[in-house]
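Participant: Dropping a prediction and its sequence here:
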Amino acid sequence: MAIVNGHSGTRLFIPGQIVSLLGDGLAVLAIPLLVLQLTHSPVAAALAATPRTVGYLVAGLPAGPVVDRADPWQVLIIADLVRAAIFVVLFVLTVMRVGSVGVILALAFGAGVAGVFFETALAVVVRDIYRDRALVRTNAVLETASQTSILLGPPIVGLLAAAVGSGAALLVEAATFVVSLATLWGTYRRRPGPIDRRDPVSWRRFGAEFHAGLRHLASSAIGALAVLQVVTNLCLAVQTLIVFFAHDYLGMSAGLVGVVVAAGGIGGILGAATAPVFMTRFRPVPLCVAAILVIGIALGAAGFASNLWWLALGNGVLIWADVLASIVVRTLRQQLVPRELLGRVTSAMRTVVLAAAPVGAVLAGLLTHLDGNNPRPIFLAAAVLIGVCSPIVWIFGLRRHRDIPLLRRDEELVTV
């Protein structure tokens with residue numbers, strides 16, 4: 001059952017998801033800060049900062065078939081219920097000063113797994129509710145909220161920790177998921193028309209259904225874009241060296257390093273805000289490839305940076321282009337992938353793309369160390385790799401899809 005461009009019962013859907021995304025932003029610092037206070041171990045704190053990545057590595061592939069066979073609204077509700085409960089438990093453990101680091105990390109990874117199911121189901125639900133320009137705008141609004149939460153979440157956690165203790169951020173985070181849960185339940189109950197009853201998940205057919213999603217991914221424009229995204233994410237991992245580059249290599253103070261990092265956050269917000277404009281004026285496949293080439297150019301420019309503003313500008317443009325490309329790919333996937341395969345294709349694509357990030361980060365750190373802690377050649381190498389791979393993927397995988405339109409002039413959905 002699809003709801004075209006929303007209805008009166010969905011008016012709280014987007015605000016609820018914006019609040020939920022704020023909770024995701026709080027988690028960026030809240031969990032690592034809690035673990036760091038308990039252990040003073042940078043390794044443990046680093047692990048605590050990876051629940052989303054770990055969640056996709058653990059549950060990314062099975063999440064797709066489950067979402068495709070289940071009611072995605074129920075998946076959203078259950079995932080929010082699980083996440084809210086986990087952060088309440090974390091708050092209680094913090095207040096009572098009990099619980100080992102292993103328990104806390106296990107709970108954080110559990111929340112990450114629930115988040116994987118939530119994000120996969122959300123892609124399907126958004127596709128069901130919205131169409132055409134409304135779909136583009138909705139994806140842009142959600143990404144803007146996500147980027148804003150990443151920018152504002154850590155400072156909010158810091159203020160809460162300083163004012164009332166680190167546990168307060170965990171309780172506020174649980175509250176954001178409760179708000180999301182309430183708005184989802186209200187929207188779910190008010191859906192017009194009969195509820196789409198699906199067959200229960202068949203574990204015997206689980207593998208076959210998963211392979212069906214992979215086959216579709218491999219044979220479509222979305223598959224070629226996934227290849228390009230994997231390469232891009234591998235190279236984008238070099239961006240994790242920005243702090244080291246600014247502080248240790250260029251000798252900037254902590255405050256100036258914060259300016260460089262904040263420029264990336266601002267770039268992400270602008271990328272989400274400007275995506276609807278670009279997507280209504282340009283064909284989506286060439287636009288995505290162009291944005292990825294801009295990422296390569298920005299990485300190369302950052303590699304030559306010699307001062308604050310140059311590095312900040314490079315980081316801002318880098319994240320702007322990355323967010324723009326991500327929104328284009330997300331919207332194309334929602335428009336072009338058959339509804340019955342969308343969960344599988346979404347989860348498989350995100351898992352493969354996200355898996356490239358830690359690999360790239362390890363390679364970037366290792367190569368920088370081998371080069372005498374000089375990050376410049378690593379930034380330039382990443383730029384060259386994107387510059388070489390993008391034309392290859394375009395010629396052999398994407399050029400034949402260059403004329404796929406996302407919207408007609410009359411804003412009707414184009415079936416491809």
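Facilitator: Alright, I've got the coordinates.
Participant: switch to C-alpha atoms for all contacts and neighbour counts from now on
Facilitator: Will do.
Participant: Counting by contacts, list what the helix ranked longest in the chain packs against.
Facilitator: Secondary structure of the chain read by DSSP state H shows that its longest helix is helix 132-164. Applying 3 or more Cα pairs under 8 Å, 6 or more residues apart in numbering; DSSP states H and E, one finds that helix 132-164 contacts helix 13-39, helix 101-129, helix 167-189, helix 254-281, helix 308-336.
Participant: what about Leu398, distance to Pro338?
Facilitator: Leu398 sits 19 Å away from Pro338, taking Cα to Cα, to the nearest Å as the criterion.
Participant: okay, these two: which has more neighbours?
Facilitator: Neighbour totals were compared for Leu398 and Pro338, and Leu398 leads with 23 against 15 (other Cα atoms under 10 Å).
Participant: Touching, the more buried one and Ser220? I think so.
Facilitator: No. Leu398 is beyond contact range of Ser220, at 9.2 Å (criterion: Cα atoms under 8 Å).
Participant: what sits against the residue lying closest to Ala123 once chain neighbours are set aside?
Facilitator: The shortest distance from Ala123 to any non-neighbouring residue, by Cα to Cα, 6 or more residues apart in numbering, is to Gln334 (7.2 Å). Residues in contact with Gln334 (Cα atoms under 8 Å, 6 or more residues apart in numbering) are Ala123, Val124, Arg127, Leu342.
Participant: what pLDDT does the third one get?
Facilitator: At Arg127 the predicted local distance difference test score is 90.
Participant: Specify the local secondary structure of Leu236.
Facilitator: helix (DSSP: H, G, I helix; E, B strand; the rest coil).
Participant: for it, what are its contacts?
Facilitator: Counting by Cα under 8 Å, 6+ apart, Leu236 has contacts Ala357, Gly360, Ala382.
Participant: do the same with Val82
Facilitator: Ala111, Ala114 are the contacts of Val82 under Cα under 8 Å, 6+ apart.
Participant: what does the model give it for pLDDT?
Facilitator: 94.
Participant: does Val289 really touch Ile392, like I thought?
Facilitator: No. The criterion here is Cα under 8 Å, and Val289 misses it with Ile392 at 11.0 Å.
Participant: out of these two, which sits in the busier spot?
Facilitator: Shown here are Val289 and Ile392; by other Cα under 10 Å, Val289 has more neighbours (20 against 14).
Participant: For the more buried one, which non-adjacent residue is closest in space?
Facilitator: Ser390 is the one closest to Val289 (Cα to Cα, 6+ apart), at 6.8 Å.
Participant: I'd like the helices and strands packed on helix 132-164 as CSV, with distance to Thr232 appended.
Facilitator: Formatted as CSV, the helices and strands packed on helix 132-164 follow (distance: least, Cα to Cα, whole Å):
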stretch, distance to Thr232
helix 13-39, 23
helix 101-129, 21
helix 167-189, 31
helix 254-281, 16
helix 308-336, 9
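Participant: Which of those sits closest to Cys235?
Facilitator: helix 308-336 (11.3 Å; Cα to Cα).
Participant: Identify whichever of the helices and strands packed on helix 132-164 lies nearest to Arg350.
Facilitator: It's helix 101-129; of those, that one is closest to Arg350 (Cα to Cα) at 9.1 Å.
Participant: and the angle from the closest one to helix 132-164?
Facilitator: Per axes from the mean of the first three to the mean of the last three Cα atoms, to 10 degrees, the angle that helix 101-129 makes with helix 132-164 is 150 degrees.
Participant: Can you list the buried residues in helix 101-129?
Facilitator: For helix 101-129, the buried set under the neighbour-count rule, 16 or more other Cα atoms under 10 Å, comprises 101, 104-105, 107-129.
Participant: That one vs helix 308-336, what angle?
Facilitator: Using the same axes, to 10 degrees: helix 101-129 against helix 308-336 is 60 degrees.
Participant: what's the angle from helix 101-129 to helix 13-39?
Facilitator: Going by the same axes, to 10 degrees, helix 101-129 makes 170 degrees with helix 13-39.
Participant: Look at the nearest residue to Val359 once chain neighbours are set aside and report its pLDDT.
Facilitator: Sequence neighbours aside, Leu234 is the residue nearest to Val359 in space, at 6.9 Å (criterion: Cα to Cα, 6+ apart). Leu234 carries a pLDDT score of 88 in this model.
Participant: What of Arg137?
Facilitator: 90.
Participant: can you tell me which residues contact it?
Facilitator: Pro276.
Participant: In the protein, where is pLDDT below threshold?
Facilitator: 1-10, 29, 36, 39-47, 49, 99, 166, 191-219, 406-416 (pLDDT under 70).
Participant: hang on, the earlier thing: return the members of the contacts of Leu236 classed as buried.
Facilitator: So, by 16+ other Cα under 10 Å, the buried ones in the contacts of Leu236 are Ala357, Gly360, Ala382.
Participant: thinking again about what came up before, can you lay out the contacts of Leu236 as TSV showing secondary structure and distance to Leu366?
Facilitator: Output for the contacts of Leu236, formatted as TSV (DSSP: H, G, I helix; E, B strand; the rest coil; distance: Cα to Cα, whole Å):
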residue	secondary structure	distance to Leu366
Ala357	helix	14
Gly360	helix	10
Ala382	helix	14
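Participant: In TSV: the residues you listed, plus distance to Ala145.
Facilitator: Compiled in TSV, the contacts of Leu236 are given as follows (distance: Cα to Cα, whole Å):
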residue	distance to Ala145
Ala357	22
Gly360	26
Ala382	29
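Participant: and which of those is nearest Gly300?
Facilitator: Looking across these and measuring by Cα to Cα, the closest to Gly300 is Ala382, at 7.7 Å.
Participant: In space, what's closest to the closest one - neighbours in sequence excluded?
Facilitator: Using Cα to Cα, 6+ apart, the closest residue to Ala382 is Cys235 (5.0 Å).
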